[in-house]
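**Student:** build me a structure from this.
(one chain, ligands or ions: 1)
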Amino acid sequence: MPAQLLDRLDRPARRPAAPRLWVPKHVLVTRSAQAEGHTAEILRRVDALGVEDVRLLTGDRLPTAPKGETEREAYARAKATMAVVVAPPSALKPQPIPPSADWRLDLARGCPAHCQYCYLAGSLSGPPVTRVHANLDAVLAPIASLTGTGSVTTGTALRGREGTTFELSCYTDPLGIEHLTGSLATAIARVGTGEHGDGASLRFTTKFDAVEPLLALPHGGRTRIRFSVNAAEVERFEGGTARMPARIEALRRVAAAGYPVGLTIAPVMPVDGWQESYGRLLDDVAAALADVPQPDLTAEVITHRFTPSSKEVLEGWYPRTKLEMDESVRSVKRSKFGGVKYVYPKETMQELRGWFEREVPGRLPGARLLYST
Ligand code: SF4
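**Tutor:** Take a look at the predicted model:
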């Protein structure tokens with residue numbers, strides 16, 4: 001065992017600090033959402049957190065921005081707002097979500113954090129209000145009908161034994177809003193107890209650490225909780241999230257509670273000294289999991305990329321960002337539908353991929369690297 005790792009194991013265990021929970025300043029409830037049973041639970045939680053500005057709307061449209069509001073003001077107001085809405089029909093028809101899962105389920109759309117590279121910038125339109133879905137039963141209903149189907153992970157040698165996989169964090173960070181909704185715990189317990197049938201599994205990734213309410217759930221080993229982790233030089237772009245040691249401690253706690261766990265190492269950036277920085281990160285994870293017997297640990301590695309539209313949105317939200325989004329130092333990758341993405345040049349991608357393919361199993365014995373992209 002490396003001396004550096006032994007040194008970390010010798011440190012006394014720290015009591016986890018209380019997680020910092022997001023409290024929205026404004027809560028809007030659409031007319032249709034008011035008729036959903038789950039809304040009462042959400043409003044009970046909102047009330048317990050002391051939110052004063054709760055508005056029951058008379059229609060289903062969210063109010064438009066006040067006249068004269070600047071882009072910065074609109075951003076700040078939206079990020080401080082949670083809307084309780086009924087999931088649109090598109091959210092009730094799960095889509096395949098390669099390479100992560102057979103199907104995508106949306107407990108919410110939007111996230112209260114402030115990551116300067118946020119991948120939602122290119123995929124969700126309009127002001128970044130966090131919309132939580134009140135019709136939870138309808139959102140979870142497709143699990144029963146889709147279990148046994150799927151073409152992304154189902155049938156693969158690496159992941160086929162997970163059953164039909166459902167990704168919950170495509171358009172949100174479900175743990176970051178769980179204290180306000182309780183939706184994640186409901187989903188985990190229903191799948192864990194087989195309420196939607198056998199053979200389904202959930203997965204989500206998070207940059208938050210409020211895992212306490214999940215620890216005692218009857219999860220049945222059917223939800224893989226992944227933590228989005230990164231080098232310290234990239235973490236500085238992640239405003240409003242739990243700090244890295246807190247995420248790693250949360251990973252240890254859920255692994256000790258018997259959950260399958262994972263690392264979403266993303267977005268990987270070849271910052272100065274990246275080998276040392278990512279090496280330290282993997283060693284910190286190894287040290288945290290050292291006392292957990294045989295954790296079921298996976299890793300997913302995703303390099304940083306941006307699109308013309310995500311760059312435009314992010315530069316509007318974070319005009320002073322130091323995040324590199326320079327097309328001239330990137331390679332263009334085209335999707336089969338003609339979309340453009342800017343990724344690192346081939347040599348950099350090969351170097352990053354080779355390093356993670358070697359170091360993940362080397363520093364985290366037993367971990368399975370699912371993909372590197
Ligand atoms: S935590 Fe994830 S979804 Fe939320 S702002 Fe950061 S990158 Fe976006």
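**Student:** can you list the residues of the stretch 1-150 of the chain near the ligand?
**Tutor:** Within the stretch 1-150 of the chain, the positions near the ligand by CB under 6 Å from any ligand atom are Cys111, Ala113, Cys115, Cys118, Tyr119, Leu120. (Glycine included, C-beta is placed from N, CA and C.)
**Student:** among those, who's most crowded?
**Tutor:** With neighbours taken as other CB atoms under 10 Å, the top of those is Cys111, carrying 27 neighbours.
**Student:** which element, helix or strand, includes it?
**Tutor:** Cys111 belongs to no helix or strand when assigned by DSSP states H and E.
**Student:** for Thr147, see how far away it is.
**Tutor:** To Thr147, Cys111 is 27 Å away according to CB to CB, to the nearest Å.
**Student:** check Pro308 too.
**Tutor:** In terms of CB to CB, Pro308 sits 38 Å off from Thr147.
**Student:** with neighbour numbers in mind, choose between the two.
**Tutor:** Neighbour tally, Pro308 and Thr147, criterion other CB under 10 Å: the higher count belongs to Thr147, 21 against 14.
**Student:** can you count the residues close to the closest residue to Gly316 other than its chain neighbours?
**Tutor:** Excluding its sequence neighbours, the residue lying closest to Gly316 (CB to CB, 6 or more residues apart in numbering) is Glu71, at 5.3 Å. The local packing of Glu71 (other CB under 10 Å) involves 12 other residues.
**Student:** and for Ser228?
**Tutor:** When counting by other CB under 10 Å, one arrives at 23 neighbours for Ser228.
**Student:** Pro63 against Thr30, yeah?
**Tutor:** No - Pro63 lies out of contact with Thr30 (CB atoms under 8 Å); the separation is 10.7 Å.
**Student:** more neighbours: which of these two?
**Tutor:** Each of Pro63 and Thr30 has its neighbours counted (other CB under 10 Å); Thr30 has more, 22 against 12.
**Student:** can you give me the pLDDT of the closest residue in space to the more buried one that isn't next to it in sequence?
**Tutor:** Counting by CB to CB, 6+ apart, Thr30 lies nearest to Asp60, which is 4.5 Å off, once chain neighbours are set aside. The model reports Asp60 with a pLDDT of 97.
**Student:** residues in contact with the closest residue to Glu41 other than its chain neighbours?
**Tutor:** Nearest non-adjacent residue to Glu41, counting by CB to CB, 6+ apart: Gly182, 5.6 Å away. Taking CB atoms under 8 Å, 6 or more residues apart in numbering, we find Gly182 in contact with Glu41, Ile42, Arg45.
**Student:** please apply the same query to Pro142.
**Tutor:** Leu92, Lys93, Pro94, Trp103, Leu105 are the contacts of Pro142 under CB under 8 Å, 6+ apart.
**Student:** re earlier: could you export the contacts of Gly182 as a markdown table, including secondary structure, neighbour count and pLDDT?
**Tutor:** Below are the contacts of Gly182 laid out as a markdown table (DSSP: H, G, I helix; E, B strand; the rest coil; neighbours: other CB atoms under 10 Å; pLDDT from 0 to 100):
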| residue | secondary structure | neighbour count | pLDDT |
| --- | --- | --- | --- |
| Glu41 | helix | 17 | 97 |
| Ile42 | helix | 24 | 98 |
| Arg45 | helix | 16 | 98 |
